[in-house]
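Colleague: what follows is a predicted protein model with its sequence.
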Amino acid sequence: MRLYTRTGATALTDPETGIHYNVDADGGFNFPDDLSDKLHKFAVRGQPMWEDDIERQRRLMSEEMERRKDPATLLDAVQQILTAAKAAQMVSAVDAAKQEPVPAAEDGEPRDETEAPAAAPETAPPARKTAANRRTAAKAE
């Protein structure tokens, strides 16, 4: 029978047979039926130390439901998701900036990457003719 430890054990040696068992990738042990029956009954202070697949699934689902009932925990989880999303956006923006080619300077020499790109010349919109401008222009003539 497949059992899961509730204590974090990663290996177990059967004292009667001397066979050594290691934990699988998912945290479970494949024991012979007689050993699993003995271990499954073992408890400390009323808390079972080993559980089978069904008991483990029930426990994990009930823990998840309890966690979701608490609004503070739910809010914290949402904030963690938002923080992770913002961090992913920042990383992708940095990656995109690293991939942009550095344009050559006007003289044909490669531009220093630390140098800021030259700003395009801005053309100011034509000044509006106001009454004050017309009076000033009339005096200048």
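Modeller: Perfect, thanks for sending it.
Colleague: shouldn't Gln47 be in contact with Arg6?
Modeller: Yes - shown here, Gln47 and Arg6 form a contact pair, counting by Cβ atoms under 8 Å, at 7.3 Å. Quick note: C-beta positions are derived from backbone N, CA and C, even for glycine.
Colleague: more neighbours: the two, which one.
Modeller: Comparing Gln47 with Arg6 by other Cβ atoms under 10 Å, the one with more neighbours is Arg6, at 16 against 8.
Colleague: list the contacts for the more buried one?
Modeller: Residues near Arg6 by Cβ atoms under 8 Å, 6 or more residues apart in numbering: Gln47, Pro48, Met49, Trp50, Glu51.
Colleague: so which of these wins on neighbours?
Modeller: In terms of neighbours by other Cβ under 10 Å, the contacts of Arg6 top out with Trp50 at 23 neighbours.
Colleague: next, that one: phi, psi?
Modeller: Backbone torsions of Trp50, given as degrees, to the nearest 10, read phi -130, psi 150.
Colleague: can you tell me what sits against stretch 20-38?
Modeller: Residues contacting stretch 20-38 (Cβ under 8 Å, 6+ apart): 1-5, 9-14, 39, 50, 53.
Colleague: please save the CA atoms from the helix or strand where Glu63 lies in PDB.
Modeller: For Glu63, the enclosing helix or strand under DSSP states H and E is helix 53-69. Extracted C-alpha coordinates of helix 53-69, given in PDB (Å, rounded to 0.1, in the frame of the first residue of the first chain):
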ATOM      1  CA  ASP A  53      -3.900   8.500  -0.900                       C
ATOM      2  CA  ILE A  54      -7.500   9.200   0.000                       C
ATOM      3  CA  GLU A  55      -6.700  10.600   3.500                       C
ATOM      4  CA  ARG A  56      -4.000  12.800   2.000                       C
ATOM      5  CA  GLN A  57      -6.300  14.200  -0.700                       C
ATOM      6  CA  ARG A  58      -9.000  14.900   1.900                       C
ATOM      7  CA  ARG A  59      -6.500  16.600   4.200                       C
ATOM      8  CA  LEU A  60      -5.000  18.700   1.500                       C
ATOM      9  CA  MET A  61      -8.400  19.800   0.100                       C
ATOM     10  CA  SER A  62      -9.700  20.700   3.600                       C
ATOM     11  CA  GLU A  63      -6.500  22.800   4.300                       C
ATOM     12  CA  GLU A  64      -7.000  24.600   1.000                       C
ATOM     13  CA  MET A  65     -10.700  25.300   1.700                       C
ATOM     14  CA  GLU A  66      -9.800  26.700   5.100                       C
ATOM     15  CA  ARG A  67      -7.100  28.800   3.600                       C
ATOM     16  CA  ARG A  68      -9.500  30.200   1.000                       C
ATOM     17  CA  LYS A  69     -12.100  31.100   3.700                       C
END
